[in-house]
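K.L.:
With the input below, show me the fold.
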Amino acid sequence: MRILTADDVRAAVDMRAAIDAVRAGFVALSQGRARVPLRSALETPGGVLLTMPAQLADAPISAVKVVSVCAGNPSLGLPTIHAVVLATDARTGQPLALMDGQTVTALRTGAASGLATDLLALPEASILAVIGAGVQARTQVAAVCAVRPIAEIRVFSLSGAEALAGELRERYAARVVVAGSAPEALRGAHVVVAATNSKTPVVHRADLSPGVHVNGIGSFAPDMQEIAADVVAEATIVVDHRASAWAEAGDLIIPRDQGLIAEASVHAEIGEIAAGLKAGRTSPQEITFFKSVGNAVQDAALAQRIIAAADERGLGTDVAL
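P.N.:
From the prediction side, this is the model:
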């Protein structure tokens, strides 16, 4: 079996390759060519242990991501979240690779927004607003910049904005601005990324311009709401997976329960648009909203691409079990 560290994963795939892999995964999911059992959760003394298996039809591997979330870890000098992805041979069950799950998660989450931006944002979109400055913000920026000619990146966060801006200035030719408020970052932006753990909206309709595309990727529970209901009620809504979105996405559940939208208000899954089964943007003035809560099919599709690249380039360390 091959052990792939975070550095190995990053060396195996760039963001463009990750977007291509996630596109294939979402298309398979929307066409019924992927097996993705419900995520299981085991309460532990320190938190919760999550397991997320998936397989794409006819793929050579099966994959399962194991994630532990322990809120008390920071007091011990440890990350709150630990994760690994195990890939096995789909026919024999032989373990093939164990890879750093946090890096895989960051890549695949960014890639989902990159795919949505590619399919839904205006072709000439050049101003990106990022709300939040955590780990996810970095791969979100990478993904959007991979698919649109971004000339200006605006960052707002209650903490970490200056540090993120400094990193972005070293990596991108775009002008990078630290905004004094969320509205300041949002006004006039062509693409918006919300990557926070806020339970109250950070993106409001009054601050958005016509034609903007919004990626909501931070909120992942029914009581979390990054995107205000007035945005969701007006926007063309696209999700990664309908069932998961209506079970977990407070950005949709809260306005539904307020009577502002219905479950039928979801226009499409992103895989349906990628496959050409549903239309994407239909007007330059249209506001589009992609809501992602994450799906194990992304991990499986990306793991397959990582293993292929690692084999080709000799990445990782082989160990005997």
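K.L.:
Relative to Met15, how far out is the residue of the chain most remote from its centre?
P.N.:
Most distant from the centre of the chain: Ala320, at 33.5 Å, with distances by CA atoms, centre = their mean. Noted for Ala320: a distance of 33 Å to Met15, by CB to CB, to the nearest Å. In this view, the C-beta of every residue, glycine as well, is placed from N, C-alpha and C.
K.L.:
thinking again about what came up before, quick one, what contacts the closest residue to the residue farthest from the centre of the chain other than its chain neighbours?
P.N.:
Of all residues not flanking Ala320 in the chain, Met1 sits nearest, at 8.0 Å (CB to CB, 6 or more residues apart in numbering). Going by CB atoms under 8 Å, 6 or more residues apart in numbering, Met1 touches 95-98, 318-321.
K.L.:
Next one: Met1 from Ala303, what distance?
P.N.:
With distances taken as CB to CB, Met1 is found 13 Å from Ala303.
K.L.:
what pLDDT, on average, does the lengthiest helix in the chain get?
P.N.:
Across the chain, the longest stretch assigned as helix under DSSP state H is helix 101-120. Throughout helix 101-120, pLDDT has a mean value of 96.
K.L.:
Switch the contacts of Met1 over to JSON lines; also include pLDDT, secondary structure and distance to Ala125.
P.N.:
Converted to JSON lines, these look like this (pLDDT from 0 to 100; DSSP: H, G, I helix; E, B strand; the rest coil; distance: CB to CB, whole Å):
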{"residue": "Pro95", "pLDDT": "97", "secondary structure": "strand", "distance to Ala125": "42"}
{"residue": "Leu96", "pLDDT": "97", "secondary structure": "strand", "distance to Ala125": "39"}
{"residue": "Ala97", "pLDDT": "98", "secondary structure": "strand", "distance to Ala125": "36"}
{"residue": "Leu98", "pLDDT": "98", "secondary structure": "strand", "distance to Ala125": "38"}
{"residue": "Asp318", "pLDDT": "94", "secondary structure": "strand", "distance to Ala125": "44"}
{"residue": "Val319", "pLDDT": "94", "secondary structure": "coil", "distance to Ala125": "45"}
{"residue": "Ala320", "pLDDT": "89", "secondary structure": "coil", "distance to Ala125": "50"}
{"residue": "Leu321", "pLDDT": "82", "secondary structure": "coil", "distance to Ala125": "48"}
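K.L.:
Just the buried subset of those, written out for ChimeraX, thanks.
P.N.:
Command for ChimeraX, covering only those of the contacts of Met1 found buried under the criterion 16 or more other CB atoms under 10 Å:
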select :96,97,98
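K.L.:
Turn the contacts of Met1 into a markdown table, columns for distance to Phe290.
P.N.:
Listed next are the contacts of Met1 as a markdown table, based on distance: CB to CB, whole Å:
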| residue | distance to Phe290 |
| --- | --- |
| Pro95 | 34 |
| Leu96 | 32 |
| Ala97 | 30 |
| Leu98 | 31 |
| Asp318 | 39 |
| Val319 | 39 |
| Ala320 | 43 |
| Leu321 | 40 |
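K.L.:
wait, Gln55 sits on Pro37?
P.N.:
No. Using CB atoms under 8 Å, Gln55 makes no contact with Pro37, being 9.8 Å away.
K.L.:
Can you pull up the most central residue in this structure?
P.N.:
Nearest to the chain centroid, counting by CA atoms, centre = their mean: Thr109, 2.2 Å.
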